[in-house]
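what follows is a predicted structure for the sequence shown.
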Amino acid sequence: MRVHFISIGGSVMHQLAIALHKKGYQVTGTDDEIFEPARSNLEKEGLLPKQIGWQPSLITSEIDAIILGMHAKSDNPELLKAQQLGLTIYSFPEYIFHESRDKKRVVVGGSHGKTTTTAMIMHVLKQLNRDFDYLVGARLEGFSQSVNITNAPVIICEGDEYPASALERKPKFHFLFPHVAILTGIAWDHINVFPTFPFYLEQFVIFINKIESGGVLIYNASDPVLKELVEANLRADIRYLPYGVPEHTIQDGKTKVTIESITGQLKVFGNHNLMNLNAAFLACRELGVSVTDFIQAIASFTGAAKRLELLASNQSTNVYRDFAHAPSKVKATIEAVKQQYPDRQLIAVLELHTYSSLNEEFMKQYNGALDKADQAIVFYSKHALELKRMPDLPAEKVIEGFQKEGLLVMNSKEVLYEWLQKQTYNQTNLVLMSSGNYDGLDMLTFANQITHN
């Protein structure tokens, strides 16, 4: 197989390129910019393009498949050449399906919890020495890649609801056709992609209808929006497995979970993680994993990178980093930490960084999201607004939206850092929530500083 990647430098695109190279395919690719770690990863495998920029001369009739990344535009010169030659062109998810047509496909969808649930399934299967392929949207402990394509009989996929490519604007998870589907919950976000809530909901209805006949839908029945959507779109040819928070106990900051009378201690915590775990168990059971093996394997799961990740700690202080930015994710993260450590002060710092979260009209969606925090800061840099070419976001609109008493709004990283340094962290948990980097603040060094003093 000869495969060419247009926009090979993407975070998952370059991972797929490496996976196919390791499978024995002849792989080439181009991009107009390639950043780390993609650059080093590609160079290590001998796949780094010899020159940066689009090279239509590389597109010949001998290529079996063109894989088109989201970064490439519809007028890309290589894409135009491929279309002129009549080559087969795939978006990333279309090609994943092409490679996994004969595999049992597990697809995890939903507005939140996708990465963690996918990671939990992968972790358990790896612990049990099962042979499987995968596609996941984060770096995971114990996995050198985020995409792996071999001749394994099973593939575990994180199912993204965002557009597949410049040519194919339909959501990625519409192309994966699962035998085992999971929906973790629905919360409207990314209003630049999904301008209305009904339009967003429709994408999940379509996903349900893409499940292979004879398959199963595992869904979070504690989410009223999702429960209503599923019950309004029932299919006679698939099974339904609802789930919620499993039986558990919390003592001295440790969580134990019980499923079907089997109990085990966990390294992760919070109702959202417990629900993700329950979904992962139901999926693993569909793959022939026993409850005893599952509980034993999941006990060593420490979480996906930046998903309630423990940055630093001592006997009286924990500092967590979390990718949370959507309102439902922020609320779930805050409530999880407060539930786990009810007697500790909770300081929450949320950076608004995405298009939706920096939109004045979206602020009301955050109402109540930070309520469980004892002290709360919302930070966003003017630089981020400028980069996204968005109008200024007045602090009073943020305060009005969050409705959190005593909320502090900051735009300067120096002011934020000075405030953080003045706090007392004894019997305190600090939660840093962002999909950005606080305008360049070194939060890891700060976390180590306050926990080692």
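Looks like it arrived, so ask away.

measure stretch 87-104 end to end?
End-to-end span of stretch 87-104 (C-alpha to C-alpha, to the nearest Å): 28 Å.

scratch that, stretch 26-34
From its first residue to its last, stretch 26-34 covers 20 Å (C-alpha to C-alpha).

who's in contact with that stretch?
1-10, 13-14, 17, 20-21, 42, 47-49, 52-55, 58, 69, 71, 78 (C-beta atoms under 8 Å, 6 or more residues apart in numbering). (C-beta placed from N, C-alpha, C; glycine too.)

what about 6 Å?
Here stretch 26-34 makes contact (C-beta atoms under 6 Å, 6 or more residues apart in numbering) with 2-5, 7-9, 17, 20-21, 47, 49, 53-55.

quick one: buried residues of it?
Of all the residues in stretch 26-34, those buried under the rule 16 or more other C-beta atoms under 10 Å are 27, 28, 29, 30, 31, 34.

out of those, which sit inside helices?
Among the buried residues of stretch 26-34, DSSP state H puts none in helices.

dump the residues you listed into CSV; add pLDDT as well.
Shown next, in CSV, are these (pLDDT from 0 to 100):
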residue, pLDDT
27, 98
28, 98
29, 98
30, 97
31, 96
34, 93
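
show me where the stretch 251-400 of the chain has its strands.
For the stretch 251-400 of the chain, the strands defined by DSSP state E, counting those that start in this stretch occupy 254-259, 262-266, 309-313, 317-322, 345-351, 375-379.

out of those, nearest to residue 394?
Across the strands of the stretch 251-400 of the chain, the minimum distance to residue 394, taken as C-beta to C-beta, is reached by strand 375-379, at 12.2 Å.

show residues contacting that closest one.
So strand 375-379 is contacted by 347-351, 370, 398, 404, 407-410, 416 (C-beta under 6 Å, 6+ apart).

closest to residue 147 among those residues?
Residue 147 lies nearest to residue 351 out of the contacts of strand 375-379, by C-beta to C-beta, at 28.1 Å.

doesn't residue 434 make contact with that closest one?
Yes: with contact defined as C-beta atoms under 6 Å, residue 351 counts as touching residue 434 (3.6 Å).

filter the contacts of stretch 26-34 down to the ones in strands?
Among those, the ones falling in strands (DSSP state E) are 2, 3, 4, 5.

how about the helices in this structure?
13-23, 38-44, 77-85, 92-99, 114-127, 197-209, 224-231, 271-286, 291-298, 327-340, 382-387, 395-402, 413-422, 443-451.

need those helices in JSON lines with distance to residue 156, mean pLDDT and mean neighbour count, can you?
Formatted as JSON lines, the helices of the chain follow (distance: least, C-beta to C-beta, whole Å; pLDDT from 0 to 100; neighbours: other C-beta atoms under 10 Å):
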{"stretch": "helix 13-23", "distance to residue 156": "14", "mean pLDDT": "96", "mean neighbour count": "22"}
{"stretch": "helix 38-44", "distance to residue 156": "21", "mean pLDDT": "96", "mean neighbour count": "17"}
{"stretch": "helix 77-85", "distance to residue 156": "30", "mean pLDDT": "97", "mean neighbour count": "17"}
{"stretch": "helix 92-99", "distance to residue 156": "11", "mean pLDDT": "95", "mean neighbour count": "21"}
{"stretch": "helix 114-127", "distance to residue 156": "5", "mean pLDDT": "96", "mean neighbour count": "25"}
{"stretch": "helix 197-209", "distance to residue 156": "16", "mean pLDDT": "94", "mean neighbour count": "16"}
{"stretch": "helix 224-231", "distance to residue 156": "21", "mean pLDDT": "97", "mean neighbour count": "16"}
{"stretch": "helix 271-286", "distance to residue 156": "8", "mean pLDDT": "97", "mean neighbour count": "24"}
{"stretch": "helix 291-298", "distance to residue 156": "14", "mean pLDDT": "98", "mean neighbour count": "18"}
{"stretch": "helix 327-340", "distance to residue 156": "22", "mean pLDDT": "92", "mean neighbour count": "22"}
{"stretch": "helix 382-387", "distance to residue 156": "34", "mean pLDDT": "85", "mean neighbour count": "13"}
{"stretch": "helix 395-402", "distance to residue 156": "36", "mean pLDDT": "96", "mean neighbour count": "17"}
{"stretch": "helix 413-422", "distance to residue 156": "38", "mean pLDDT": "96", "mean neighbour count": "14"}
{"stretch": "helix 443-451", "distance to residue 156": "30", "mean pLDDT": "93", "mean neighbour count": "16"}
